[in-house]
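here's my sequence, what's the structure:
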Amino acid sequence: MQLKFSAISKRFGEHQALHDVSLVVPEFQSLAIIGPSGGGKTTLLRIIAGLETPEQGSLSIDGL
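Residues are numbered from 1 along each chain as shown. Sure thing, here's the model as predicted:
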């Protein structure tokens, strides 16, 4: 399964959780998301799971 993030941005009020995140994770590759508290890790995972919608950008899973 390939994941492709294109210019994803997400805000919660005044807090910019994600800003212009672009990344391709090729099929059969692993991804670790690490960073400080408030860095957008959970927001990115929630967007992948479909629980949040990005304000800008797009996410494609296997080209869909």
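
contacting residues for the spatially most central residue of the chain?
Centroid-nearest residue in the chain: residue 44, 3.6 Å away (criterion: C-alpha atoms, centre = their mean). When contacts are counted by C-beta atoms under 8 Å, 6 or more residues apart in numbering, residue 44 touches 5, 8, 18, 21, 33. C-beta: built from backbone N, CA, C; applies to glycine.

one more time with 10 Å
Residues in contact with residue 44, defined by C-beta atoms under 10 Å, 6 or more residues apart in numbering, are 5, 8, 10, 17-18, 21, 23, 31, 33, 35, 52, 54, 59.

any idea whether it is helix, strand or coil?
Three-state call for residue 44 (DSSP: H, G, I helix; E, B strand; the rest coil): helix.

picking up where we left off before, what subset of the contacts of residue 44 is buried?
By neighbour count, with 16 or more other C-beta atoms under 10 Å, these hold 5, 8, 10, 17-18, 21, 52, 54, 59 as buried.

report the two of those separated the most.
Spatial extent of the buried ones among the contacts of residue 44 (C-beta to C-beta) is set by the pair 17 and 59 at 14.6 Å.

what's the pLDDT at the residue in the chain sticking out farthest from the centre?
Computed with C-alpha atoms, centre = their mean, the residue of the chain farthest from its C-alpha average is residue 14, at 18.8 Å. Looking at residue 14, its pLDDT is 94.

what's it sitting at in phi/psi?
The phi and psi values for residue 14, taken as degrees, to the nearest 10, are phi -80, psi -10.
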